[in-house]
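Visitor: Any chance you could fold what I've pasted below:
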Amino acid sequence: MLKKRAFTCSICRASCPLLKYSITPLANDFTSHSHLSTNPNSIPSKPKSHFPNPPHAKLPHLLLEKSKVGFDKLDDALFLFDQMLHLKPLPNVINFNQLLAALVKMKQYAVAVSMFRIICVQNIPVDIFTLNTTINCFCHLNRLDYAFSLLAAIIKRGFLSDVVTYTTLIRGLISQDNPMEAQLLFTNLIRFQVIQPNVVTYTTIIDGLCKRGHPSVAVKLFKYMDKKGCKPNTVTYTTIIDCLCKFRLVDQALALLRQMTQKSIMPNVRTYNSLIKGMCDFNRWQDVNGLLREMDTSNISHDVHTFNILVDAYGKEGMIEDAEYVIELMIQRGHCPNVVTYNSLMDGYCLRGEVDEALTVLQTMKTRRLEPDTFSYNILINGYCKKLKVDRAIDLFQQLPSEGLTPTIETYSTILQGFFRTGRHVEARRFF
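Guide: Predicted structure coming up:
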């Protein structure tokens, strides 16, 4: 059985339990074996055993079934892989793919890459799913150079890279803050008709454009995909709506919601949360209430984030009674307020100058076994400094270490401003 020992992979620089198997250079390992064909069911030559005491040859079918839904322990996956390597004949490539997919679900990307290399070294055939999974792992490990190297190896060996391959690479480029390269790759795929992008491909690019602050380009691509016959789904619409709301284009976002319903594409709670947040930013309470009613009519349950948006919006407007009512309603509907909820309420009290009431909210959090964060204390410190009660702010500042919290630049800056407002320049300099 494979022993779980840690080492630093020469490719991913991450901890990996498969000590004996270096994964450098993976692309060369892949291309150097003639067994790699497009036939996933071909049986390779007998692999050499790397284990002095091979386990019994009977495959643990329960573990194999477990690989379809995921493992609780990494050791179980390694044990299954060990047993699979010694079966005669070897299991189908589908079984190895399921195991790799299970490792991805566990976020054991470095282990999956190492396993893929062992599969190659052992002359076990692979298919495009195996290769796509490995590319995905490289992207998660921030090694796009090896992901693209494996793409080149796929093409060289005669495999047909598919839409999943390129969508994974595009997502990897975006996650590494290379949106222009992702857009260029996407454009070339369409121009040279390498693949027919699907809704996931388009949504991936749209999401990347939105996150990098290009809402107009994202909307153009959104319209283009619909024109090309690729129908946007709920995730696509929600991504665009969220982006438009963040850029304060709420009327366009609301129009897209109407378009969704007309096309019988069901919005979800995230869709409504984005719109509610956008409307709250403009104090369009009538639209907010209308959206909340639509959610109830469509049997879309409000989640914690929905309530937190409302508490924050009411708090910023000084409508504390409404914010407290929302929290009561939240509890009645079976949702537990979290630190974000109470921070928003505290901020609302402080904006009204009722800092002592905000401090009471902090005590309520502790009573309900919620641990305040540094932001919770920053709200109170800022509130007391604005009330010129700097000594009270200092007391809260000194509590942070005992709460296991570290002051931020904002914490220090707020107290410095408090000293200067009260004319305590010498203390401000000493504190600085």
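Visitor: hey, let's count contacts and neighbours off CA atoms from now on
Guide: Noted.
Visitor: Would you mark the buried spots in whichever strand or helix holds Glu357?
Guide: Using DSSP states H and E, the element containing Glu357 is helix 355-367. By neighbour count with 16 or more other C-alpha atoms under 10 Å, helix 355-367 contains the buried residues Val355, Ala358, Leu359, Val361, Leu362, Met365.
Visitor: what's the closest non-adjacent residue to the second one?
Guide: This means Ala358. Distance criterion C-alpha to C-alpha, 6 or more residues apart in numbering; nearest residue to Ala358, sequence neighbours excluded, is Met346 at 4.5 Å.
Visitor: State the distance from the most centrally placed residue in the chain to Arg429.
Guide: Within the chain, one residue has its C-alpha closest to the average C-alpha position: by C-alpha atoms, centre = their mean, that is Ser175, at 10.0 Å. Distance, Ser175 to Arg429, by C-alpha to C-alpha, to the nearest Å: 43 Å.
Visitor: re earlier: can you tell me the SS state at the residue nearest to Ala358?
Guide: When classified by DSSP: H, G, I helix; E, B strand; the rest coil, Met346 comes out as helix.
Visitor: from what I can see it touches Val361, true?
Guide: Yes: if you go by C-alpha atoms under 8 Å, Met346 and Val361 touch, sitting 6.4 Å apart.
Visitor: quick one: which of the buried residues of helix 355-367 is nearest to Leu100?
Guide: Leu100 lies nearest to Met365 out of the buried residues of helix 355-367, by C-alpha to C-alpha, at 42.8 Å.
Visitor: quick one: average pLDDT of the helix holding Glu357?
Guide: Mean pLDDT, helix 355-367: 96.
Visitor: likewise stretch 156-163?
Guide: 89.
Visitor: Would you mind writing the CA trace of it as CSV?
Guide: Only the C-alpha atoms of stretch 156-163 are listed here, as CSV (Å, rounded to 0.1, in the frame of the first residue of the first chain):
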residue,chain,number,x,y,z
LYS,A,156,0.9,15.6,-30.5
ARG,A,157,-0.5,12.2,-29.4
GLY,A,158,-3.5,12.5,-31.6
PHE,A,159,-6.1,13.0,-28.9
LEU,A,160,-9.0,15.4,-29.7
SER,A,161,-9.0,18.2,-27.2
ASP,A,162,-12.6,19.2,-26.5
VAL,A,163,-14.6,22.2,-25.1
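Visitor: Begin at 12, not 1, for the rest of this chat.
Guide: Understood, numbering begins at 12; the last thing we discussed is stretch 167-174.
Visitor: Which residue, other than its chain neighbours, is closest to Cys148?
Guide: Tyr120 (4.9 Å).
Visitor: separation between the one you found and Thr282?
Guide: 31 Å.
Visitor: who's more crowded, those two?
Guide: Ranked by neighbour count (other C-alpha atoms under 10 Å), Tyr120 and Thr282 place Tyr120 first, with 26 against 20.
Visitor: Roughly how far does the more buried one sit from Leu96?
Guide: Tyr120 is 20 Å from Leu96, where distance means C-alpha to C-alpha.
Visitor: Hmm, Ile331 is touching Ala324, no?
Guide: No: look at Ile331 against Ala324 with C-alpha under 8 Å: they stay out of range, at 9.9 Å.
Visitor: So for the two, which sits in the more crowded spot?
Guide: Ala324 (26 against 21).
Visitor: Which element, helix or strand, includes the more buried one?
Guide: Per DSSP H and E: helix 315-327 holds Ala324.
Visitor: got a list of what Ile166 touches?
Guide: For Ile166, the contact set (C-alpha atoms under 8 Å, 6 or more residues apart in numbering) comprises Ser172.
Visitor: Could you do Gln374 as well?
Guide: Taking C-alpha under 8 Å, 6+ apart as the definition, Gln374 has no contacts.
Visitor: low-confidence ranges in the chain?
Guide: Applying pLDDT under 70 to the chain flags the ranges 12-75, 77-78.
Visitor: Quick check: which helices or strands does the helix or strand where Ile405 lies pack against?
Guide: Assessed by DSSP H and E, Ile405 sits inside helix 401-410. Packing contacts for helix 401-410, counted by 3 or more C-alpha pairs under 8 Å, 6 or more residues apart in numbering; DSSP states H and E, involve helix 385-397, helix 420-432.
Visitor: elements contacting the first one?
Guide: Contacts of helix 385-397 with other secondary structure elements, assessed using 3+ C-alpha pairs under 8 Å, 6+ apart, are made with helix 350-362, helix 366-378, helix 401-410, helix 420-432.
Visitor: Just the residues contacting the last one, thanks.
Guide: The one in question is helix 420-432. By C-alpha under 8 Å, 6+ apart, the list of residues contacting helix 420-432 from outside reads 389, 392-393, 396-397, 399, 401, 404-405, 408, 436, 438-439, 442-443.
Visitor: ok, so of these, who is nearest Lys231?
Guide: Proximity of the contacts of helix 420-432 to Lys231 was ranked by C-alpha to C-alpha; the top entry is Asn389 with 41.5 Å.
Visitor: Could you check how far the spatially closest residue to the closest one that is not a sequence neighbour is from Pro208?
Guide: Nearest in space to Asn389, with sequence neighbours left out and distances taken as C-alpha to C-alpha, 6+ apart, is Thr422 at 5.7 Å. Thr422 sits 48 Å away from Pro208 when distances are taken as C-alpha to C-alpha.
Visitor: about what we covered before: need the max-distance pair from the contacts of helix 420-432.
Guide: Asn389 and His436 (21.3 Å).
Visitor: between the two, who's got more neighbours?
Guide: A count of neighbours by other C-alpha under 10 Å puts Asn389 above the other of Asn389 and His436, at 23 against 15.
Visitor: quick revisit: compare the helices and strands packed on helix 385-397 and report which one is nearest to Phe82.
Guide: Nearest to Phe82 among the helices and strands packed on helix 385-397 is helix 350-362 (32.0 Å), distances taken as C-alpha to C-alpha.
Visitor: before we move on, which element is Leu98 in?
Guide: Going by DSSP H and E, Leu98 is not part of any helix or strand.
Visitor: From Leu91, how far off is it?
Guide: For Leu98, the distance to Leu91 - C-alpha to C-alpha - is 11 Å.
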